[in-house]
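S.K.: All I have is the shape, not the residue letters:
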């Protein structure tokens, strides 16, 4: 009887140990649990999780790698997060919409969509959908027609220009702005994350009339993080020369980085000239477990007329070290 008793105890200990291990494994994200030969959660042979073979670094698997599928209906703040792959879990603390242009803008200026126009450029880069923030109504046929989202006058106090661009103090001047539209996230990085990435495309009706004029509509990705410039708001999306994302940025209508905007209203054709940066990817380092704020911000500058838009998709936590910067997606 004694031997049977000890044998049963041993079996119970093994079972309890296994259950405890499974419970702990659910608390932290891993680096993929796919049924293929790599370490991600898709079915291809590379080491990323976006179902292609571009060789991107492994994202942290937070168990909802395609939370924008199936189709999302409505542009609530939570839906906007999911549509760009910021999944509803313990790493997304809160998300809020903001605009200086009143209640109507909180609906008109935000969109969840699969694509825009009759082209293969303005289409989601991951999962099923992407999001859009615009200084005019999302989906308008002609951004040069200045359809209103509620803004009526430009105000210098509205300029969201951050005091830092990367690790450098901002040298740009502030200007009167209109139709400031922002999506504000409060986030906590997974314990094994070393950074994050997201994809975006900026388009503007200020092209090509206002190139080199010194003040243009702009898109900022603003991080507030204690370990970055003492927590001061910092723009992390800019080109190699330190130019923020607007029509003067090196990416805009760059011949080496073409984008077909046909049928979207943002194409560079007469008589309504517009243009875009094509798809870009911003990456930024973050410490595992760190809390920080990330705000996507777009605005009209100097007027309330010529509209601009930013499409955003494919937010990923990175389990590999990342260098801060923005580069074209080839």
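M.R.: Okay, I see it. Predicted model, so just to flag it, every value in this text is computed and none were measured.

S.K.: Where does pLDDT dip in this protein?
M.R.: 1-59, 61-66, 270 (pLDDT under 70).

S.K.: what does the domain assignment say about it?
M.R.: The chain resolves into domains spanning 1-30, 31-61, 67-328 when parsed by automatic domain parsing.

S.K.: Give me whichever of these is most buried.
M.R.: The highest mean neighbour count among the domains of the chain belongs to domain 67-328 (a mean of 19), with neighbours defined as mean count of other C-beta atoms under 10 Å. Where you see a C-beta, it was placed from the backbone N, CA and C, and this is true even at glycine.

S.K.: and that domain, how far apart are its ends?
M.R.: Start and end residues of domain 67-328 are separated by 25 Å (C-alpha to C-alpha, to the nearest Å).

S.K.: now that domain, how far from the centre of its chain.
M.R.: 7 Å (C-alpha atoms, centre = their mean, to the nearest Å).

S.K.: Pull the residues that contact stretch 253-263.
M.R.: By C-beta atoms under 8 Å, 6 or more residues apart in numbering, the surrounding residues in contact with stretch 253-263 are 117-122, 201, 203, 207-208, 251, 267-268, 274-279, 328.

S.K.: again, 7 Å this time
M.R.: Residues external to stretch 253-263 that are found in contact with it (C-beta atoms under 7 Å, 6 or more residues apart in numbering): 117-122, 203, 207, 251, 267-268, 275-276, 278, 328.

S.K.: Quick check: phi and psi at residue 297.
M.R.: Taking degrees, to the nearest 10, you get phi -130, psi 130 for the backbone angles of residue 297.

S.K.: Report the separation between it and residue 210.
M.R.: Applying C-beta to C-beta, to the nearest Å, the value for residue 297 to residue 210 is 19 Å.

S.K.: How about residue 300?
M.R.: In this structure, residue 300 lies at 11 Å from residue 210, with C-beta to C-beta as the measure.

S.K.: Over to residue 96?
M.R.: In terms of C-beta to C-beta, residue 96 sits 31 Å off from residue 210.

S.K.: what are the ranges of the helices in the stretch 1-150 of the chain?
M.R.: With DSSP state H, counting those that start in this stretch applied, the stretch 1-150 of the chain shows helices at 2-27, 77-83, 105-108, listed in chain order.

S.K.: What is the shortest one packed up against?
M.R.: What it means is helix 105-108. Helix 105-108 sits against strand 92-99, with contacts defined as 3 or more C-beta pairs under 7 Å, 6 or more residues apart in numbering; DSSP states H and E.
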